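Participant: Take a look and give me a structure for this.
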Amino acid sequence: MNTNFNNQIANQYTSNSQKIRVLTEDWVDREIFCPACGNNIDNYENNRPVADFFCPTCKEEYELKSKKNSIGSKIVDGAYKTMIERLQSNNNPNFFLLNYNIKNYSIQNFFVIPKHFFVPEIIEKRKPLSDTARRAGWIGCNILLKTIPQTGKIFYIKNQKAESKSKVLNDWQKTLFLREQKEPLSKGWVLDVMNCIDRLEKNEFKLDEVYNFEKDLELKHPGNNHVKDKIRQQLQLLRDKGYLSFVSRGKYKLN
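Facilitator: Now for the predicted structure:
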């Protein structure tokens, strides 16, 4: 996989934002395959309000976001109200995130966040624009990357190193079961427990280690008085869906 932009195609532009838009969209169109089915993706010719790319084979749609220098902990996005409405609709796209080096315009990282990882809790409302702004009162939002489990960030390129196509496709399939979780609260619990497992930073772990996050989960779900029961329930679900394996009593392993 080529990790460099074709800089010549942007020579006619003077605006840096226009250059980056042209360079990133061209690179994705040339280099990236659909993580859902492995076939080529196409870009939408017109500026659609929802997505930038689509897969003509499996019909998945993708919106491209770009960041310079480092990935960071959040992505600046559009209107908060529009984003929340999209999360509740059927046409919410998956997100491509491209992180590039501003000095030489090369790709540092590129990954996809499947749409089934998007819940209202990962959307941060920004402050309204001031009364003197051109769009006074407008409220934007940020996508909080740090709240998305690691398995929700499927890398094609990580630290300038390309991952195999088979790994990308397998990583996509691993979490598709989340699309079965239609209720945001139910999905939120699954994602919260996945994040707790991430924080353990180990491949094998014990139930008691996940219980250690009980206080954190109580703060996120103040209406639930049976947090340990919910933890066990989510671990059972993750085991049934093949995300985890049961090793022995009270012990699990990530697949």
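Participant: check contacts around the most centrally placed residue in the chain.
Facilitator: Among the residues of the chain, Ile113 comes closest to the average C-alpha position under C-alpha atoms, centre = their mean, at 2.6 Å. Shown in contact with Ile113 (C-beta atoms under 8 Å, 6 or more residues apart in numbering): 94-95, 97, 148, 152-154. All C-beta spots, glycine's among them, are computed from the backbone N, C-alpha and C.
Participant: Let me know the closest of the residues you listed to Gly72.
Facilitator: Leu97 (10.2 Å; C-beta to C-beta).
Participant: Show the backbone phi and psi for the closest residue to the closest one other than its chain neighbours.
Facilitator: Excluding its sequence neighbours, the residue lying closest to Leu97 (C-beta to C-beta, 6 or more residues apart in numbering) is Lys65, at 5.2 Å. When read as degrees, to the nearest 10, the backbone of Lys65 gives phi -120, psi 140.
Participant: For Lys65, give its distance to Asp77.
Facilitator: 8 Å (C-beta to C-beta, to the nearest Å).
Participant: for the worst-scoring helix or strand of the chain on mean pLDDT, packing partners?
Facilitator: Counting by mean pLDDT, DSSP states H and E, the weakest-scoring helix or strand in the chain turns out to be helix 80-87, with a mean of 88. With contacts taken as 3 or more C-beta pairs under 8 Å, 6 or more residues apart in numbering; DSSP states H and E, helix 80-87 sits against strand 123-125, strand 140-144.
Participant: What are the contacting residues of the shortest one?
Facilitator: By C-beta under 8 Å, 6+ apart, the residues outside strand 123-125 that reach it are 74, 77, 80, 83-84, 87, 139, 141-144.
Participant: can you give me the helices for the protein?
Facilitator: Along the chain, the stretches classed as helices by DSSP state H are 16-31, 80-87, 165-174, 184-200, 207-211, 214-220, 227-240.
Participant: mind checking which of those is nearest Asn104?
Facilitator: Using C-beta to C-beta, the nearest of the helices of the chain to Asn104 is helix 16-31, at 12.0 Å.
Participant: Show me how far the closest one is from its chain's centre.
Facilitator: Helix 16-31 sits 20 Å away from the centroid of its parent chain (C-alpha atoms, centre = their mean, to the nearest Å).
Participant: So Cys55 sits against Cys37, correct?
Facilitator: Yes - between Cys55 and Cys37 a contact is recorded at 6.4 Å, counting by C-beta atoms under 8 Å.
Participant: who has more neighbours, those two?
Facilitator: Set Cys55 next to Cys37 and count neighbours by other C-beta atoms under 10 Å: Cys55 wins out with 20 against 15.
Participant: wait, isn't the residue nearest to Leu97 in contact with Tyr100?
Facilitator: No - contact criterion C-beta under 8 Å: Lys65 and Tyr100 do not qualify, at 11.5 Å.
Participant: out of those two, which sits in the more crowded spot?
Facilitator: Legend: neighbour count by other C-beta under 10 Å for Lys65 and Tyr100, higher for Tyr100 (23 against 16).
Participant: so how many other residues sit close to Pro35?
Facilitator: Pro35 is flanked by 25 other residues according to other C-beta under 10 Å.
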